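S.K.: Task: produce atomic coordinates for the following.
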Amino acid sequence: MPLLSFLGTVLVRMAIPAQPLRGSQAATLLALPQMPATMGTSLPQGAMPPATEEEWLFRASKRANVVEYHKATSQGYQHLVQTGRRRPVTPDPSDRNLSKRNWEQKMREWKEALTPS
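M.R.: Next comes the predicted model:
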C-alpha cells in the first residue's frame, strides 16, 4: 500500500469513531482550541511585545555575541582599532527599546560604518 494511501486510511480511522459519539463526547471531540485573547491583536507600530526576563536575557546574550563576532572578524573594525581612528557607536545589546527589526537595522548601519572607505 503506498504511504499516502496508508496515512489517509489511518487519519480517517482516527477521525471516525467505531461507535457514534453522544452528548459531551461529541462536543469534546469537535471542540476547536481557543485562541488566546492576546493573539490576533496587533500592537501599535514600534511597540514592543511583552517578554519575560529570561527572554530578554537570552536576546541580550545573542545580540552581544553578534556584536563581538563582528568586532573579531570585521576587517574594517580591526583597521579602525589599529589606526586609532574614531569608531562608530556600537549598538547596545541590552537596549530593551529596540525591536528585532530596529536592532537589525542598527547593526546594518554599524557594519556599513565599519567598512573602510
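S.K.: In this protein, where is pLDDT below threshold?
M.R.: Scanning the chain for pLDDT under 70 picks out the ranges 1-41, 46, 117.
S.K.: Show me what counts as buried in the longest helix belonging to the chain.
M.R.: For the chain, the helix that runs over the most residues, judged by DSSP state H, is helix 53-73. Across helix 53-73, burial judged by 16 or more other Cβ atoms under 10 Å covers Arg59, Arg63, Val67, His70. Every C-beta, even on glycine, is put in place using the N, C-alpha and C of the backbone.
S.K.: Enumerate every residue touching the closest residue to the last one other than its chain neighbours.
M.R.: In space, not counting the residues next to it along the chain, His70 is nearest to Lys111; the distance is 6.3 Å by Cβ to Cβ, 6 or more residues apart in numbering. For Lys111, the contacting residues are His70, Ser74, Gly76, taking Cβ atoms under 8 Å, 6 or more residues apart in numbering as the criterion.
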